[in-house]
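1. Fold the following for me, if possible:
(one chain, ligands or ions: 1)
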Amino acid sequence: MERKLRQVYRSTLCLTATLLSLSFVLAIDFANAEPEPVPSGRELAHSYDHGNCLACHSAPTDKNAITLANIAPPFMDMKRRFPSKDKLFKQIWDARDTHPETIMPPFGAHSILSETEIRKIIDYLYTL
Ligand code: HEC
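-> Model (predicted):
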């Protein structure tokens, strides 16, 4: 009986040690995990599943903006044409405010893009 108890005790100890070392390995793994890369304004504007601005707009001065879109005005000279970032923000947040019949998706109002993402896109637009 005593031998059996000792055996149970030993295997419990062994199991505990294994679990402890496993959790230690996992903890190290989490600590070393690369954080998700944060997409830049350009990536957001170009991506199909986020902004997808290039579905309708072209960006003639950005050689990486590959699109044949001509539904909407091209992104050109943005800083001069939109000196107010607020105005640009409103257009992207909900274009219906200025053009009720617009086909441009209300990116902010419909939670397609977050406020931070829209601000990043604006920074990108200012480079065009
Ligand atoms: C489905 C087509 C479509 C998509 C996608 C789209 N837009 Fe537009 N956008 C338009 C149209 C059409 C206009 C013309 C004015 C209006 O209808 O509001 C416009 C106008 C604009 C304007 C004003 C341009 C000017 O020169 O007056 C800005 C800035 C703009 N869009 C930014 C964006 C951004 C940034 C994105 C991506 C996050 C985007 N748009 C995605 C259709 C689109």
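2. What are the boundaries of the helices in this protein?
-> For the chain, helices defined by DSSP state H occupy the ranges 2-32, 41-46, 78-81, 85-93, 115-125.
3. Counting by contacts, list what the second one packs against.
-> This points to helix 41-46. helix 115-125 (3 or more Cβ pairs under 8 Å, 6 or more residues apart in numbering; DSSP states H and E). Bear in mind the C-beta positions are built from the backbone N, C-alpha and C, glycine included.
4. Convert the helix it packs on to CSV, retaining C-alpha atoms only.
-> These are the backbone C-alpha positions of helix 115-125, laid out as CSV (Å, rounded to 0.1, in the frame of the first residue of the first chain):
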residue,chain,number,x,y,z
GLU,A,115,-10.4,56.8,-37.0
THR,A,116,-6.7,56.0,-36.6
GLU,A,117,-6.7,54.1,-39.9
ILE,A,118,-8.4,57.1,-41.7
ARG,A,119,-5.8,59.5,-40.2
LYS,A,120,-3.0,57.2,-41.5
ILE,A,121,-4.6,57.2,-45.0
ILE,A,122,-4.8,61.0,-44.8
ASP,A,123,-1.0,61.2,-44.1
TYR,A,124,-0.5,59.0,-47.1
LEU,A,125,-2.8,61.2,-49.3
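5. touching the ligand at all, it?
-> Yes - if you take Cβ under 6 Å from any ligand atom as the test, helix 115-125 does meet the ligand, through residue 121.
6. so who does residue 61 touch?
-> 76, 128 (Cβ atoms under 8 Å, 6 or more residues apart in numbering).
7. now swap in residue 119 and tell me
-> So residue 119 contacts 41, 85, 89 (Cβ under 8 Å, 6+ apart).
8. quick revisit: can you tell me which of the helices of the chain the model trusts least?
-> Of all these, the minimum mean pLDDT falls on helix 2-32 (a mean of 64).
9. Can you name the residues of the chain sitting close to the ligand?
-> 45, 51-53, 55-57, 71-73, 88, 91-92, 95, 99, 102-105, 107, 121.
10. Filter these down to the buried ones, PyMOL style.
-> To isolate the buried subset of the residues of the chain next to the ligand in PyMOL, counting by 16 or more other Cβ atoms under 10 Å, use the following:
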select buried, resi 45+51+52+53+57+88+91+92+95+104+105+107+121
